[in-house]
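Peer 1: here you go, sequence then predicted model.
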Amino acid sequence: MQPEANVDAPEIEKFDALAHRWWDPNGDFKPLHDINPARLDYISQRTDLSAGPTVDIGCGGGILSESMASAGSATLGIDMAGKALGVAKLHALEAGVDIEYLETTAEQLAHNRAGEFRTVTCMEMLEHVTAYADTVKACAELAQPGGDLFFSTINRNPKSYVMLILGAEYVLNILPRGTHEYSKFIKPSELAQALRDAGLDVLDISGLHYNPLTRSCRLNNDTSTNYIVHARKPA
């Protein structure tokens, strides 16, 4: 029996409407372009991308997926935003990067390909689904025993509301208005619990600090806004 889709339709429509802007480094998704090197470095230091297949959950236009494929990973990117996937496929073709893209959910993919992936990434995606714990569980099912999993999302507190909704979307206009819903932000303790409930070991939680003025990104110990998590499936 196929699992029910853990999809927020308005969220899909929102990102589909912006699909043509994914690969403009100075456009609506410039923060993703700016933080991508830091994300890739974090992942590369903690897993061997060439050791087995990788799946990028909620890949959007393929910014991280392409980077991991270029680093030697056999990469599958999945998303439910069909137009964004179309952009991802076209860009990979133009860039000469061998990568597979599928329009599906983590839950649906886990139903058919459980235990297949050495590395699982799910970046800036959990705050856009209806039940993030279900997505975490599906990611755990997709990972091989001993596999590494990486998640990034946004903490839920007054500081993150001011900086990432009021500041980023309404004052600085570095993100399209309506990109985020505060109620869907996830505290690190909540995500860590969901990871443990899914049978995963939490190895690291680091802050991901982005400066929109200098367009620089660095890792630190401050998880009050954006943060990234490394977990592992027991062997």
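Peer 2: Yep, that arrived.
Peer 1: for this protein, what helix or strand is lowest in average pLDDT?
Peer 2: helix 9-17 (a mean of 69; mean pLDDT, DSSP states H and E).
Peer 1: ok now the helix or strand following that helix, how far from the chain's centre?
Peer 2: Downstream of helix 9-17, the first helix or strand assigned by DSSP states H and E is helix 30-46. On the basis of C-alpha atoms, centre = their mean, to the nearest Å, helix 30-46 is displaced by 11 Å from the centre of the chain it belongs to.
Peer 1: measure E66 to G199 for me?
Peer 2: E66 is 30 Å from G199, where distance means C-beta to C-beta, to the nearest Å. Heads up, the C-betas are built off the backbone N, CA and C, glycines and all.
Peer 1: so if I had to pick from the two, which one is more boxed in?
Peer 2: Per other C-beta atoms under 10 Å, whichever of E66 and G199 has more neighbours is E66, with 22 against 13.
Peer 1: report all helices and strands that the helix or strand hosting the more buried one contacts.
Peer 2: Counting by DSSP H and E, the element that carries E66 is helix 63-70. On a contact count with 3 or more C-beta pairs under 8 Å, 6 or more residues apart in numbering; DSSP states H and E, helix 63-70 meets helix 30-46, strand 54-57, strand 75-79, helix 82-95, strand 117-123.
Peer 1: most packed of the ones you listed?
Peer 2: For the helices and strands packed on helix 63-70, the largest average neighbour count (mean count of other C-beta atoms under 10 Å) is found in strand 54-57, namely a mean of 30.
Peer 1: tell me what it is packed against?
Peer 2: Using 3+ C-beta pairs under 8 Å, 6+ apart, strand 54-57 is in contact with helix 63-70, strand 75-79, strand 117-123, helix 132-142.
Peer 1: ok, which of these comes nearest S206?
Peer 2: Each of these has some distance to S206 by C-beta to C-beta; the shortest is strand 117-123, at 13.3 Å.
Peer 1: partner strands of that closest one, with direction?
Peer 2: Partners of strand 117-123 in the sheet, by DSSP bridges, are strand 54-57 (parallel), strand 143-154 (parallel).
Peer 1: can you list contacts of the helix or strand following the last one?
Peer 2: The one in question is strand 143-154. Going down the chain from strand 143-154, the next helix or strand is helix 158-160, by DSSP H and E. Helix 158-160 is contacted by residues I154, Y182, F185, S224, T225 when judged by C-beta atoms under 8 Å, 6 or more residues apart in numbering.
Peer 1: just want the most central residue of the chain.
Peer 2: M123 (1.4 Å; C-alpha atoms, centre = their mean).
Peer 1: got the phi/psi numbers for I228?
Peer 2: Phi and psi for I228, reported as degrees, to the nearest 10, are phi -130, psi 140.
Peer 1: please read the previous query as pertaining to T105.
Peer 2: phi -100, psi 160.
Peer 1: is it in contact with G58, as I believe?
Peer 2: No. The pair T105 / G58 is not scored as a contact, 9.2 Å apart, by C-beta atoms under 8 Å.
Peer 1: report pLDDT for Y210.
Peer 2: On pLDDT, Y210 comes in at 86.
Peer 1: for the one helix or strand it maps to, what is the distance to the chain centroid?
Peer 2: Y210 belongs to strand 201-211 when assigned by DSSP H and E. Centroid separation between strand 201-211 and its chain, computed with C-alpha atoms, centre = their mean, is 13 Å.
Peer 1: for the helix or strand just after that strand, which positions count as buried?
Peer 2: For strand 201-211, the succeeding helix or strand toward the C-terminus, using DSSP H and E, is strand 216-220. Buried positions in strand 216-220, judged by neighbour count with 16 or more other C-beta atoms under 10 Å: C217, L219.
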